[in-house]
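J.: I need the structure of the sequence given here:
(chains A and B)
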Amino acid sequence: MHAETSQRLDRSGARDPGQLRRSNVRTALVLALIAATFFTGVIASKFMGGYETGMSVVGFAVFLFLCLAIGRNLRGGR
Amino acid sequence: MSTIPHDHVAGHDDHHDHHYPGGIMRWITTTNHKDIGTMYLWFSFTMFMVGGVMALTIRAELFQPGLQVVNPEFFNSMITLHGLIMVFGAIMPAAVGFANWQIPMMIGAPDMAFARMNNWSFWLLPPAAILLVTSLFVPGGGAQSGWTLYPPLTTQLPMGMDLAIFAIHIMGASSIMGSINIVTTILNLRAPGMTLMKMPMFCWTWLITAYLLIAVMPVLAGAVTMLLTDRHFGTSFFNAAGGGDPVLFQHIFWFFGHPEVYIIILPAFGIISQILPAFSRKPLFGYASMVYATAGIAILSFIVWAHHMFTVGMPTAGLLFFMYATMLIAVPTGVKVFNWLATMWKGSMTFEAPMLFAVGFLFLFTMGGFTGLILAITPVDIQFHDTYYVVAHFHYVMVAGSLFAFFGGVYYWIPKWTGTMYDETVAKAHFWLSLVFFNVAFFPQHFLGLAGMPRRIPDYAQQFADWNMVSSIGAFGFGFSQLLLLYAVLKCARGKGEKAPAKPWEGADTLEWTLPSPAPYHTFETPPVIK
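T.: This next block holds a predicted model:
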C-alpha cells in the first residue's frame, strides 16, 4: 500500500459525528444479532432435536451477514 | 508496552481541556486504544508465563517414566488449564493487543469505534483468568478433561469444571465484543481514500478473524451452557443415560474449535505479511490473492471440523468429505506461503530480529501445515489420533506459527510503541534460542507419536523415555529463553536504548510509520488523506 498522509486540518472527508455514531451502532447491532443467533440457535437446535432448526439458524445468520454487506453497499451508493 | 504521557499529542488540532485520571485509575478507566492494546499485551504475556509454568510442570513429570513430580489428577488439571490458558488467555489476547495498537493507526482512525466497550472487553479478561487459575485450589481441583471439555467426563467432574465453564463464558463475551469493535472500526472508521483493497494485510486478516469469532464463539458458549445445565439443572443434552448424545458435543465443540485454529493463526499471517515486505524492501507479492486466500481459509474452516473426530464412527461418505475438504485448505494456505516467498525473492533483504522471526515462522509453520495435511488423511489419522504426533503438529502451528509471528510483531512495532529501539543482540539471541529449543522440544514428539505414545498421560512405557527426556530439556530451554523477550521489552519500555526514528524500517510503508515515535497518545484526530 502506498499511502500519503496530510496532517493539516482537512475535514473534507470527515463524516458527521452523529451519522458516524448511528452507523457504528447499526453495524454493531447486526453483528451482535448474528452472535446471539448462533448462541441461541445451537441450544435451540439441540433442544428441539430437528435438523431444520439448525439449518434455519445458519440460514438466518447468513441472511444477517448479507444484510450487513448489502446494506453497507446501498448506503455507500446513495 | 509503553506508557505514553497524556500530553504527548501530535497532529491534534482540536485541543480540549482534558482531565485524565492518573496512576492505576488511568489503566482502569482508559478508553485509549493504545493503553488498552498495552494492557492486552501485558495480560497475554502474564498468561503466557502462567501457561508456560504449567507446560514445564507437564514436561518435568514426563522427563522420566513413572510418577515423580505431581499426581495424575493434578497432571490432568495442568494439561487442561495449559490448553485453555494458552488459547484463550495468551494467544487470543495477544492478537487483540496487536489489533488495538495497530488497526486504528493503520487505517487512519482516531481510536476504536466503541472505546468504552473496548475497555470493558479487556477488563473482563482478568476475572476470567482468576477463575481459571483459582479452580486449581477448589475442592477436587481444576478441570481435568483436556481443553476440549468432552462429556460424559465433564458432566461428572467437581466444581473446578464450573469455574472453567464460567471463565470460558466471560472470555467468549470479551472476544465477541472485541470482534464487533474491530469489524465496526475497520468498516466505518477508515480514513478517506483508504479503500478496503488498500488496507494493510494485517487489517484484512483481523477483519476476517473478527467475523470468524462472531460466528463461532457463541457456538462454544452455547455448548458449555448446555454442559452446565447437564451438570446442575437435570437436562440431558450430552448425557446418554437421559437420551442425550455425547458425540454431539464433539461436533459442536469442533465447529467452534477448527475455526478457532484460524482465529489464532490469521492475525499471525497478517503480522508476517507486514514484516516480510518491510525487510525485503518490496511490496507484498499478490496482495489481492492474499486477501482472497485469507477469506478462502476462513470459509473452508467451517466445513472441516469433523477431521478432529474421525475415530467416533462416521459414515464413509462423511469421512471422505471431511478428508478432502481439509486437504482443500492447503490450496489457499499454499497461495499465502508462495506469495511470502515471492515477496522475498530478489528482495534487498536484511535480517533484523522481526525478519528472523518471520522467516522462522515461514519454515516451521510450513512444517506444521504439512503434518496437518498428513493428519487430514483419514486412515492415517485413525492411527495417529490422540498420539504425540498430533501434539507436535499443533504446537508447530500454534507456537512456531502464532507465537513466533507475535514475537516478530513485538520487535517490529516496539520502536513505534515505546520510541526506543530494542536491543538487537538480545532479540537475536531470543530468536536463535527459541528456534533451537522449540525444535528440541517438539520435533521428537513426532517420533513419539509415530511410535504410538498417547497424549495426556503422566506415565509412559520405557521405550518412550529417551525422546521424552530430550523434549523436556527443549521445553525448559524454550521456556527460559522467553525471559530474553521480557528483558528486551522492559528495556524499551523504560526508554533504555537508542531513540527510535519515526520510521526505523526502510521498507515499511503503512500509515503508522508516518507518525512520530513513540506514537502520540491521540493520533489521526484529523483524518489523513490517502492518495
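
J.: quick check: longest helix of chain A.
T.: Identified as the longest helix of chain A according to DSSP state H is helix A:17-48.

J.: And chain B, by the same measure?
T.: Chain B, longest helix under DSSP H: helix B:246-280.

J.: Following element in sequence after the strand or helix carrying residue B:181, please.
T.: Residue B:181 is part of helix B:160-188, with elements assigned from DSSP states H and E. Heading C-terminal from helix B:160-188, the first helix or strand you meet, by DSSP H and E, is helix B:201-232.

J.: Can you confirm whether that following helix lies near chain A?
T.: Yes - contact of helix B:201-232 with chain A (Cβ under 8 Å from any Cβ of the partner chain) involves B:211, B:214-219, B:221-223, B:225-226. Placement of C-beta: from N, CA and C, glycine included.

J.: How many neighbouring residues does residue B:24 have?
T.: The tally of other residues near residue B:24 (other Cβ atoms under 10 Å in any protein chain shown) stands at 8.

J.: That one and residue B:39, how far apart?
T.: From residue B:24 across to residue B:39, the span is 12 Å (Cβ to Cβ, to the nearest Å).

J.: Residue B:489 and residue B:407 touch, don't they?
T.: No - counting by Cβ atoms under 8 Å, residue B:489 sits too far from residue B:407 to count as a contact (10.3 Å).

J.: Of these two, which one has the most company?
T.: More neighbours surround residue B:407 than the other of residue B:489 and residue B:407, with 26 against 23 (other Cβ under 10 Å).

J.: Leaving out chain neighbours, which residue sits closest to residue B:250?
T.: residue B:309 (4.9 Å; Cβ to Cβ, 6 or more residues apart in numbering or on different chains).

J.: Run through the residues that contact that neighbour.
T.: Residue B:309 makes contact with B:247, B:250-251, B:254, according to Cβ atoms under 8 Å, 6 or more residues apart in numbering or on different chains.

J.: do the same with residue B:79
T.: Residues near residue B:79 by Cβ under 8 Å, 6+ apart: B:58, B:144, B:146, B:456.

J.: between the residues you listed, which is closest to chain A?
T.: Chain A lies nearest to residue B:146 out of the contacts of residue B:79, by Cβ to the nearest Cβ, at 21.0 Å.

J.: the bottom helix or strand of the chain by mean pLDDT?
T.: Going with chain A. When the helices and strands of chain A are scored by mean pLDDT, DSSP states H and E, helix A:51-77 comes last with a mean of 72.

J.: Not quite, go with chain B.
T.: helix B:23-29 (a mean of 89).

J.: For that helix, what is the distance to the chain centroid?
T.: 26 Å (Cα atoms, centre = their mean, to the nearest Å).

J.: which is the next helix or strand following that helix?
T.: helix B:33-61.

J.: buried residues in the following helix or strand past that following helix?
T.: With elements assigned by DSSP H and E, the helix or strand that comes after helix B:33-61 is helix B:72-84. Within helix B:72-84, the residues that count as buried by 16 or more other Cβ atoms under 10 Å in any protein chain shown are B:74-84.

J.: Would you reformat the residues you listed as TSV and include pLDDT?
T.: Listed next are those as TSV, based on pLDDT from 0 to 100:
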residue	pLDDT
B:74	95
B:75	96
B:76	95
B:77	95
B:78	96
B:79	96
B:80	96
B:81	96
B:82	97
B:83	96
B:84	96
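
J.: Between the residues you listed, which sits nearest chain A?
T.: Nearest member of the buried residues of helix B:72-84 to chain A, counting by Cβ to the nearest Cβ, is residue B:84, at 19.7 Å.

J.: tell me the contacts of the closest residue to residue B:152 other than its chain neighbours?
T.: Counting by Cβ to Cβ, 6+ apart, residue B:246 is the residue found nearest to residue B:152 once chain neighbours are left out, at 5.4 Å. Contacts for residue B:246 (Cβ under 8 Å, 6+ apart) come out as B:150-152, B:238-240.

J.: repeat that for 10 Å
T.: Counting by Cβ atoms under 10 Å, 6 or more residues apart in numbering or on different chains, residue B:246 touches B:150-155, B:237-240, B:312.
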